[in-house]
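S.K.: The sequence isn't on hand, but the structure is:
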């Protein structure tokens with residue numbers, strides 16, 4: 001069970017959130033969303049950050065009046081924490097309603113250093129490799 005996010009992960013997670021906020025303030029919503037997705041890639045391994053990022057995505061969707069994304073995020077906010085708690089998440093999934101909830105995806109190269117323990121070999125739900 002993954003409860004406490006390591007310090008280096010917290011720093012990277014917060015950096016992605018800060019970049020999202022910066023781009024949103026500048027009116028660049030596409031980039032703002034991209035950095036929410038990147039924060040999701042890091043936060044999805046831990047129940048509290050995973051729920052937090054989906055809540056942020058929900059608020060973003062509400063602000064944009066995006067009904068599909070609002071519905072998608074309501075489901076993810078409600079149940080995403082459970083996958084994190086059980087270490088059964090779709091590794092690499094960006095967390096938006098534009099991709100299937102359980103679809104694993106490749107991890108961007110610049111995040112591989114922090115996510116090196118992510119099980120990228122699974123074709124279904126996985127998580128951090130057991131040590």
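M.R.: It's in. Just so it is clear, the model here is predicted, and its values are computed rather than measured.
S.K.: Helices along this structure, start to end?
M.R.: In order along the chain, the chain carries the following helices (DSSP state H): 7-25, 29-43, 47-64, 67-85.
S.K.: And for the second one, what's in contact with it?
M.R.: Surrounding helix 29-43, the residues in contact under the criterion C-beta atoms under 8 Å, 6 or more residues apart in numbering are 5, 9, 12-13, 16-17, 19-21, 23-24, 49-50, 52-54, 56-57, 60, 64, 92-96, 107-108, 111, 114-115. Bear in mind the C-beta positions are built from the backbone N, C-alpha and C, glycine included.
S.K.: Of those, which count as buried by neighbour count?
M.R.: For the contacts of helix 29-43, burial is judged from neighbour counts taken by 16 or more other C-beta atoms under 10 Å, and it is met by 5, 9, 12-13, 16-17, 19-20, 23-24, 49-50, 52-54, 56-57, 60, 92-96, 107, 111, 114-115.
S.K.: hang on, isn't residue 114 packed against residue 12?
M.R.: Yes: between residue 114 and residue 12 there is a contact under C-beta atoms under 8 Å: 5.3 Å.
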